[in-house]
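> Need a 3D model of the sequence below.
(chains A and B)
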Amino acid sequence: MMQSRYLPLIATALIFVIAYALCYLQYPNILSTRVVGNLFTDNAFLGIAAVGMTFVIISGGIDLSIGSVIAFTGVFIAAMLANTSLHPLLVFGLALTISASFGAMMGGIIHYLQMPPFVVTLAGMFLARGMALVISTESIPVKHEFYTFIQESFYRLPGGGRITTIGALMLIVFIVGILLAHRTKFGANVFALGGGIQTSKLMGVPLASTTIGIYAISGFLAGLAGITFSLYTSAGYSLAAVGVELDAIAAVVIGGALLTGGSGFIAGTLIGVLIMGLIQTYIIFDGTLSSWWTKIVIGILLFVFIIMQKGFLLAASAPKK
Amino acid sequence: MQFKKLLIGSAILASTSLMATSAFALTVGFSQIGSESGWRAAETAVTLKEAKERGITLKFADAQQKQENQIKALRSFIAQGVDAILVAPVVATGWDSVLKEVQEAKIPLILLDRTIDAPDSLYLTAVTADFIHEGNIAGDWLVNAVGNKECKVVELQGTTGSAPAIERKKGFEQSIAKGANIKIIRSQTADFTRTKGKEVMESFLKAENGGKDICALYAHNDDMAVGAIQSIKEAGLKPGTDILVISIDAVPDIFTALEAGEANATVELTPNMAGPAFDALEAFLKDGTLPPKWIQSPSRLYTQADDAKAIYNQKKGLGY
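Numbers count the residues shown, from 1 in each chain, chains lettered A, B, ... in the order given. Alright, predicted model coming up:
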C-alpha cells in the first residue's frame, strides 16, 4: 500500500533522471553546475508559486489567481520603491501581507459562500491583474542597491554555476512545504479535506480555518513568487507572469498530485518544475526547435500522467475485491 | 603547485580550443521576442539566412513575448558556451544582472532593433533603426516631389506615445519645415493598423472637401497607407496621382501598390539587423575591434522607379 502511494512520485523522478540522461548524451554541457544552478534560479518564482498550488490541489481546490498576484506584487513593489523611500524589506513585508490577505479572502468566500474555487479565484485573477494595470501599464524599473546586493550574492559552484539567493529561497520554501504538508496537523487536514468534505467533517477537521489557511498560503507564496520575480527581472510589469498558474498546475500534476484532491507530494512538484525547466533548456540548447515545443511536450507529459494515475487507481482498487 | 600547473594548463587548453572554435565555426545564440508581427517574422528569417551564409551556427530561442523566457535563454546560452549572443529585448528594463553574468562569462552581446535601460558597458553594441531619420527621408522625398507648389498633407500617426510614432512624426516635420509650401493640415492616430488607416482616411477625405484639397498622405507605416489607399479609391480619387502616398516600413504589400502606381514612396525599416551585428561581431572576434555603441541600420527609400515586382517577390518569402 505504501509502495503504490509513492508510485507517481517514483515515476516522476525516473522520468526526470532518464530525460536528463538523454539530454546529456546529446549535449554534454547540460550536465554542468551552470545548468543546474540555472534550473533553480530561472524557475524559482514558478517553484515557489507551485508549492502553494500543491496545497490547494491536494485540498481538492484550484487557484487561478497566482500569475496575476505575482504581477501585482511585482508592480506594487516597483511602484513603492520608485515613489517612497521605504526599505525593500519593509515593502516585501507589505506585499506579502496584501497577497496573503488576498488569498485568505478568497478562501473565506470559497468556504462561507460555498462557491467553487474555480470561479472565486478566476475573479481574483482578474482583480489582481486589473489592480496591477491600474498602478502602471508600463514596466517600472527597480533601481535599489539592496536589489543589486541580493542579485550579486550567490554561492559559486565549481564549474561556474551559481546558487543564487532566489534559487536557495525556492529550495527553502520546498523544504518548509514538505514539513508542513507531511508532518503537521494542518497538513493532515489539507489531505483530509481533499478526500471529501463530508468525511473530513466527520473526522473533525476545522473546515473554515483549513480552507482559509490553504488559500492564504497560496496567496502568500504567490506574493513571495512575485518578490522573487521582481528580484529576477529588477522590474515590475503588469503583464508579467501571464499563465504561470497553469504552469504551476502542470508542475503539480506531473509531480504526482491528483487533480481531484487527497493525494500529492510537495517534493514531486519540485521535480515537476525541474522537468519543465529541463525541457526549456533542451530546446534552447538545440536552438532550431520552436519554443512552443515546450508546451507540446508538457501537454504530452500531462496526458501520460493522468492516464498513469488512472492506472494506479485501478490497480490499487483491484486487489480489494 | 601541482594544482596550479593543472589550472594554467587547462586554461591554455580552454583558450586555444575557444579560439579554434571562433575561427572556424561560430556559435551564436539569438533570443528573439516572438513573432507578433510580420516584420519580426521577417527579421527572424533574415537572421537565420545571414547566419547560414556566414557559416554561423545559430541557436534560436523564441521568448513568446516574455522577458523571463529571454533571461532563461541568455543563461542557457552561457551554460552552453556560445561565442556570442544577439538579443531583441522585449522590454527596456531588468537586464542588468543577467547582462553582468554574460559579461563575466566573456561573451559579447549585441542588442537588435531595440535598446535597453542599462549601462552601455554591458553590451558590445546595439543595432537599431533611426526613426527620426526615416521621417527625414520621407519628408525630403515629398519636398523634392512637389517643388515650389502648395501642398497640404494629411498624416496617419502610429500608436499614440510609441517611439516610432513620435520620432517618425518629428523627422517628417523637420524636413518639410525647410520650405513654407508644405503644411500638415490634419494628423491623427490610426494605431499602425490597416482598418484604422482606412477609417481615419475616410474622415480626412470628408473633412477636406472630398479630398480635393489634399495633396499628399504621410503614413507612419505601410499598413495604414494600404488601408488609406482603399478609401482614397472609394472617394473617386486616384491614389499616387491625385494624392501622393508616402509611408514607412517597406512591407511586401506596399510594393504591390507601388507597382500599380497607387503609392509613391516607402522608407525601409530593414529586417536585416543581424547583418551589421554579425559584421561587428566578426571584426571584434578577429582582432578586438570595438564597434561604436550604436550601429544605425540603413534606411533605404523605395519609389515607383524601383523594380517593385522583384522586391515584392524577394520579400514575400520572409514571413511578413
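> Going by C-alpha atoms from here, please, whenever you check contacts or count neighbours.
Noted.
> which helices and strands does the host helix or strand of A:T281 pack with?
Secondary structure from DSSP states H and E places A:T281 in helix A:266-286. Secondary-structure packing of helix A:266-286 (3 or more C-alpha pairs under 8 Å, 6 or more residues apart in numbering or on different chains; DSSP states H and E): helix A:2-26, helix A:33-42, helix A:44-58, helix A:165-183, helix A:244-254, helix A:293-317, strand B:57-62, helix B:67-80.
> tell me the contacts of the residue in chain A positioned nearest to chain B?
Residue of chain A nearest chain B, by C-alpha to the nearest C-alpha: A:G287 (3.7 Å). Contact analysis of A:G287 by C-alpha atoms under 8 Å, 6 or more residues apart in numbering or on different chains lists B:29, B:58-61.
> Same list, those, but as a markdown table with neighbour count, distance to B:T160 and pLDDT please.
Converted to a markdown table, these look like this (neighbours: other C-alpha atoms under 10 Å in any protein chain shown; distance: C-alpha to C-alpha, whole Å; pLDDT from 0 to 100):
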| residue | neighbour count | distance to B:T160 | pLDDT |
| --- | --- | --- | --- |
| B:G29 | 28 | 34 | 96 |
| B:L58 | 24 | 36 | 95 |
| B:K59 | 23 | 35 | 95 |
| B:F60 | 25 | 32 | 94 |
| B:A61 | 29 | 30 | 94 |
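> for the residues you listed, which one is nearest chain A?
B:K59 (3.7 Å).
> Identify all residues paired with that closest one through a beta bridge.
Beta-bridge pairing of B:K59 under DSSP bridges involves B:G29.
> That one against A:I284, yeah?
Yes - counting by C-alpha atoms under 8 Å, B:K59 touches A:I284, with 6.9 Å between them.
> what pLDDT, on average, does stretch A:206-224 get?
Throughout stretch A:206-224, pLDDT has a mean value of 97.
> That stretch: which residues count as buried?
By 16 or more other C-alpha atoms under 10 Å in any protein chain shown, the buried positions in stretch A:206-224 come out as A:207, A:210-224.
> Helices - which of those residues land there?
A:207, A:210-224 (DSSP state H).
> Now for those: which two are most distant?
Using C-alpha to C-alpha, those span at most 25.4 Å, a distance reached by A:L207 and A:L224.
> returning to what we had before: just the helices and strands packed on helix A:266-286: most buried one?
Comparing those by mean neighbour count (mean count of other C-alpha atoms under 10 Å in any protein chain shown), helix A:44-58 comes out on top with a mean of 30.
> Which elements pack onto that one?
helix A:165-183, helix A:185-195, helix A:207-233, helix A:244-254, helix A:266-286.
> Buried ones in the helix or strand following that helix, by neighbour count?
Where DSSP H and E defines the elements, the next helix or strand beyond helix A:44-58 is helix A:66-83. By 16+ other C-alpha under 10 Å, the buried positions in helix A:66-83 come out as A:66-81.
> ok, these vs A:G187, which is closest?
Among the buried residues of helix A:66-83, and counting by C-alpha to C-alpha, the member closest to A:G187 is A:I66, at 20.7 Å.
> orientation of the helix holding A:T281 relative to helix A:165-183 in degrees?
For helix A:266-286 against helix A:165-183, the angle by axes from the mean of the first three to the mean of the last three C-alpha atoms, to 10 degrees is 150 degrees.
> The contacts of A:G287: which two are farthest apart?
Most distant of these, by C-alpha to C-alpha, are B:L58 and B:A61, 9.6 Å apart.
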